[in-house]
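Q: Take this sequence and fold it.
(one chain, ligands or ions: 1)
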Amino acid sequence: MIKPIELFQNPVKFVKKTMSKRKKYARESQVTMTELVLPNDTNTLNNLMGGRLMHWMDIVSAISAQKHSNRVVVTASVDNVSFRHAIPLGSVVCLKAQVTRAFNSSMEIYIEVTAENAASGEKLESNHAFFTFVAVDQLGRPIDVPQVIAETKKEKDLYAGALRRRQLRMILAKRMQPNDATELKALFDDI
Ligand SMILES: CC(C)(COP(=O)(O)OP(=O)(O)OC[C@H]1O[C@@H](n2cnc3c(N)ncnc32)[C@H](O)[C@@H]1OP(=O)(O)O)[C@@H](O)C(=O)NCCC(=O)NCCS
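A: Okay, the predicted model is just below:
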């Protein structure tokens, strides 16, 4: 229970505690961004450059993290991204992002990319990825964000998997010992 008197006793602690107790629906962080692949976005084969797509993915997921936290956010990490299909010049690229789960100051964002051939109308799922953003204050220090409420089955599945993905990320970043990754270990124990 948060008491208003705490605001006067310790304003910094009050704001941190209030933010971490707040909850927001995952759907509130939904962002859709549409881009047209122009000549300046392509490689010498006239296909979209991977770096340009990563740039768009970074932007759409930053907006999503910002919507969830109402804070300035920075990219902390990008999980492995693979490009399944080449996206030709003139395609319409649709990027959808949504926060899957928030921890303390960090949020995992799921991004789905589809490409539509403007002439035929054919749509291809190009790729998907997970980005992690951290909300920071004006001095760049991490600050707590609201927790996520998952409603649909897909949101619940993404929410459940987020802890395992976080543990894997932390191990790869040498921020966690493999022995402490209980969620990940449980996966292997079940096999
Ligand atoms: C991201 C950043 C704010 C983390 O700062 P820090 O001093 O490591 O802070 P902490 O150790 O308290 O970690 C803060 C959060 O970041 C998360 N984090 C840190 N490194 C991470 C990584 N490699 N992958 C995923 N999450 C990470 C932590 O798990 C923690 O999450 P939590 O608060 O939800 O538990 C800091 O590293 C930074 O400013 N990096 C540069 C960001 C940037 O410029 N991005 C654009 C790059 S081009």
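
Q: If the residue nearest the centre of the chain is in a bridge, with which residues?
A: Centre of the chain computed as the mean C-alpha position; nearest residue by C-alpha atoms, centre = their mean is Ile109, 1.4 Å away. Listed by DSSP bridges, the beta-bridge partners for Ile109 are Val99, Phe131.

Q: measure it to the ligand for me?
A: Ile109 is 11 Å from the ligand, where distance means C-beta to the nearest ligand atom, to the nearest Å. C-beta here means a position set from N, CA and C on the backbone, and glycine is covered the same way.

Q: Would you agree that residue is in contact with Thr132?
A: Yes. Applying C-beta atoms under 8 Å as the test, Ile109 and Thr132 come out as touching, 7.4 Å apart.

Q: helices and strands around the helix or strand where Glu183 lies, which ones?
A: In this structure, Glu183 is located in helix 182-189 according to DSSP states H and E. With contacts taken as 3 or more C-beta pairs under 8 Å, 6 or more residues apart in numbering; DSSP states H and E, helix 182-189 sits against helix 153-172.

Q: got the contact list for the helix it packs on?
A: Residues outside helix 153-172 that contact it (C-beta atoms under 8 Å, 6 or more residues apart in numbering) are 26-27, 77, 79, 98, 100-101, 103, 106, 108, 110, 130, 132, 148, 150, 176-178, 181-184, 187.

Q: That helix: how far from the chain's middle?
A: The chain centroid and the centroid of helix 153-172 are separated by 11 Å, computed with C-alpha atoms, centre = their mean, to the nearest Å.

Q: Rounded mean pLDDT for that helix, please.
A: Across helix 153-172, the average pLDDT comes to 96.

Q: start at 42 instead
A: Got it, first residue is 42 now, which makes that one helix 194-213.

Q: That one to helix 223-230, inter-axis angle?
A: Regarding helix 194-213 and helix 223-230, their directions subtend 100 degrees when assessed with axes from the mean of the first three to the mean of the last three C-alpha atoms, to 10 degrees.

Q: I'd like to know if stretch 172-192 reaches the ligand anywhere along the stretch.
A: Yes. Using C-beta under 6 Å from any ligand atom, stretch 172-192 reaches the ligand at 173, 175, 177, 181, 183.
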